[in-house]
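Colleague: Pasting the sequence and the predicted coordinates here, then a few questions.
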Amino acid sequence: MDPSIHTHLTTYHDPCNYARKSERTFGHGYYEEPRWITQQCCENFVDMYPNRANNFCCGAGGGAWASPYSEERIYYGRVKAKQIKDTGAKMLIAPCHNCRDQIMKGLRKEYDMMDLEVKYLWELVADSLIIEPREAESEGE
Amino acid sequence: MEPLLLTKREKRKIGTQFADLCLTCGTCAGGCPVTGVDGMDVRKAVRMVLLGLEQELVDSRFPWICTLCGRCEHACPMDIDLLAMLRSARGLRERSKVPGVLHKGVEMCLKTGNNVGIPKDDFLFLLDDVGAEMAEELPGFSVPIDKKGAKILLTINSKEPFGEPEDMKFWWKILYAANESWTVTSENWEGVNWGLFTGDDASMKEIVGRIVKNYKELECEYLLLPE
């Protein structure tokens, strides 16, 4: 991992499904693991408030990203947008397709946050990896 | 509106076991970003269910404008199963009246194995194509298809092969760097299950079952659903 690639102040969005819904359904909410991963890649980190089990939904959960009620979806997201802005972060990590699309393609434009970079958690990891290329023959078994 | 006779009240259809414990405190609605839209909120939805206005709730937009995020349920002092209630209200909608593309996606997935109906040949061609691109950066890389005994079975969100194929590379890079044994399946590779959102348990189960079948047949150890 190379933490010098992502130097901007970074925040992390708790998706409902990995966080409080996972806690309720499976007895474990994934709050700390993704924060640990994020901070291996971004040393300059700040949490939103509130966060973890009390985090606000991005506004596109439950299939809302694919629903026709886009005006309501953007209205819903105003709380998330404010949470993000209040951190002053220039990068946001979202480990969920819905959340990432809503924040990157919906909220950034609607709430004047185009200077915010949005990445999937696995995108952040892929972009931070120092990969040693392997010999061609070891792969194609 | 007709008065509702308690003696003739039908058995509740909406799936909630604990709605009658509601104290009407409004904690749920107080913390919800869409309280007030259409004059509705979660607390009112609970009242509707308890007062026998179930069909009215099913017909309203509220269960679909709610994102089922569960913040209300987390905060509820009586631990009422609000998500089960709202998702069940979605499930009671006639399928032809499910808003937007959600149910069409479910039907498409049942029919073709993915929500957007990408044919098998096109999918395999794309994996080969994007995989070859990846190999320029990572020598020897290729996407393993239906590889028996692979440790990890990786599902794919159909929006990526459909519209953002480059985004498939992120996971591929990680798996390459970790020297992992993994595979993608040529059929029923969809990682998105919209039955969860439409309250359609039967379809949801069928779609999950197909992934489990792949997983068992290929004797994989881990299932990776990057959702």
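Modeller: Done, it's in. Predicted model only: the values in this text are computed from it and were never measured.
Colleague: All the strands of chain A, in order from the start?
Modeller: With DSSP state E, the ranges of strands along chain A come out as A:10-12, A:91-94, A:117-120.
Colleague: before we move on, what about chain B?
Modeller: B:152-154, B:182-183, B:222-224.
Colleague: Columns mean neighbour count, mean pLDDT and distance to chain A on top of those strands, output as CSV?
Modeller: For every residue, glycine as well, the C-beta is placed using N, CA and C. As requested, the strands of chain B are exported to CSV (neighbours: other Cβ atoms under 10 Å in any protein chain shown; pLDDT from 0 to 100; distance: least, Cβ to the nearest Cβ, whole Å):
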stretch, mean neighbour count, mean pLDDT, distance to chain A
strand B:152-154, 22, 98, 11
strand B:182-183, 20, 98, 12
strand B:222-224, 14, 97, 10
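Colleague: of all the ones you listed, which lies closest to residue A:28?
Modeller: Residue A:28 sits nearest to strand B:222-224 of all the strands of chain B, at 16.9 Å, using Cβ to Cβ.
Colleague: Note down every partner strand of that closest one and its orientation.
Modeller: strand B:152-154 (parallel) (DSSP bridges).
Colleague: Quick one: residues in contact with the strand it pairs with.
Modeller: B:171, B:175, B:180-185, B:211, B:214-215, B:218, B:220-224, B:226 (Cβ atoms under 8 Å, 6 or more residues apart in numbering or on different chains).
Colleague: same thing but 6 Å
Modeller: With contacts defined as Cβ atoms under 6 Å, 6 or more residues apart in numbering or on different chains, strand B:152-154 is touched by B:180, B:182, B:184, B:215, B:220, B:222, B:223, B:224.
Colleague: Show me the beta-bridge partners of the most centrally placed residue in chain A.
Modeller: The geometric centre of chain A, computed from its C-alpha atoms, lies nearest to residue A:94 (Cα atoms, centre = their mean), at 1.3 Å. Here residue A:94 shows beta-bridge partners residue A:120, assigned using DSSP bridges.
Colleague: For residue B:11, report the pLDDT, please.
Modeller: Residue B:11 carries a pLDDT score of 84 in this model.
Colleague: which of the contacts of strand B:152-154 sit farthest apart?
Modeller: The largest separation in the contacts of strand B:152-154, counting by Cβ to Cβ, is between B:180 and B:215 at 15.8 Å.
Colleague: For residue B:140, grab the count of nearby residues.
Modeller: Neighbourhood size, residue B:140 [other Cβ atoms under 10 Å in any protein chain shown]: 14.
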